[in-house]
Structure formats: C-alpha cells, structure tokens
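Trainee: Any chance you could fold what I've pasted below:
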Amino acid sequence: MSVLTPSQTVGPYFHIGLDWPDAHRLAGDSTPGTPIVLQGRLLDGDGAAVPDAMIEIWQADASGRYGSDAVSGFRGAGRAAVDANGRFAFETVKPGAVSDAHGTQAPHVNVAVFARGLLVHLFTRIYFADESAANAADPVLTCVPAARRETLLARREGDAWVLDIHLQGTHETVFFDV
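Mentor: Residues are numbered from 1 along each chain as shown. Predicted coordinates:
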C-alpha cells in the first residue's frame, strides 16, 4: 500500500507553521516611501474564489533595494492567507525601480501562489498601471506578449492597488517558469 507524504499533497494542515504575526504587513509607520495597500482575489478558471491558499510577496523598498531594514521597519517579504472569498491584502510601500547589471526594472512586487492542488507554487509579478514609461522598458514585462501584460498590472481603486490573480481561463494571469 502506498502512502502519500507531505511533499506530495497539500491538505488541511496547509496553514500550520506558514503564518506569522502581521505577516501581511511589510512596512512600519516609519518606513520611507509611499504607503500602499496591495490587494486582490485568487480566482479559478470560472472566476470563483480559491480559498485555503496563501500568497507570498517580496519586493524592493521605495529606493529600489532588496533586503529588510530593521531601523525603518521594512520587512521586504510577507505572506497573507487567502480568505473564504479568495481575498488577500498586504500593507507595504510602493517599491522603487530596481537597477542591476541587466538594466532597470519597473517598480514591481514578486508573488508566489501556494494552493491546494499545486504541487509546485506559481510565480508572477505585480506591476503598477501608473508606471507606463518604466513598464514599457522593463526587461521582464516586455518578454510577456503585449495582449497578456494587463494580467500583471495593478490598478488604483480608492485607497488600494488591486490585482486579481486568475489561475486559469480567459483572464489567466501570466506565470513565470523560474
């Protein structure tokens, strides 16, 4: 008789040990930069909410540097459980453009999606719709077919930046093979 091991399944124990206090809060009150709420929903191919999942993000600070800074309260990475309606939210600062040996990347947030049925988590990015010039020159975003780029653009809605993540279907989010 074969027995499934935890590395082969994702089950009801999924949340145990994966969450920490205030994991959704990447920035403190004294963190330099523009405070933002980044939120959305995790949806299946039919547009129905995917509950019992986790979204993990990591990002540069407002100056475009990766890494945490205990002095300013910037964590740089966070996790949020998805609720029964598929909703997730993070409190952070808008990231700055990231420069490295390969050029300059537009302000973005890196995302990993963990959910039941996914034996390997999915990677995507969230870009900001108000950064048109930077987005047009971003070396990663420009690799995505133009018709699909909108699936990675968060839009401003009230006090929040919003991007829904679609796992499949006509509005499927672009995922990266990393």
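
Trainee: For the residue positioned nearest the centre of the chain, list the residues it contacts.
Mentor: Taking Cα atoms, centre = their mean, the centroid of the chain lies closest to Val111, which sits 3.1 Å from it. Counting by Cβ atoms under 8 Å, 6 or more residues apart in numbering, Val111 touches Ile55, Glu56, Ile57, Phe123, Thr124, Arg125, Ile126, Ile165. C-betas here are computed from N, CA, C, even on glycine.

Trainee: Out of the residues you listed, flag the one nearest to His171.
Mentor: Distance to His171 across the contacts of Val111 (Cβ to Cβ) is lowest for Ile165, with 9.8 Å.

Trainee: returning to that earlier point: which members of the contacts of Val111 are classed as buried?
Mentor: Ile55, Glu56, Ile57, Thr124, Arg125, Ile126, Ile165 (16 or more other Cβ atoms under 10 Å).

Trainee: Make CSV from those and add pLDDT, secondary structure and distance to Ala133 to it.
Mentor: Compiled in CSV, the buried ones among the contacts of Val111 are given as follows (pLDDT from 0 to 100; DSSP: H, G, I helix; E, B strand; the rest coil; distance: Cβ to Cβ, whole Å):
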residue, pLDDT, secondary structure, distance to Ala133
Ile55, 96, strand, 28
Glu56, 96, strand, 29
Ile57, 97, strand, 24
Thr124, 98, strand, 22
Arg125, 98, strand, 17
Ile126, 98, strand, 18
Ile165, 98, strand, 25
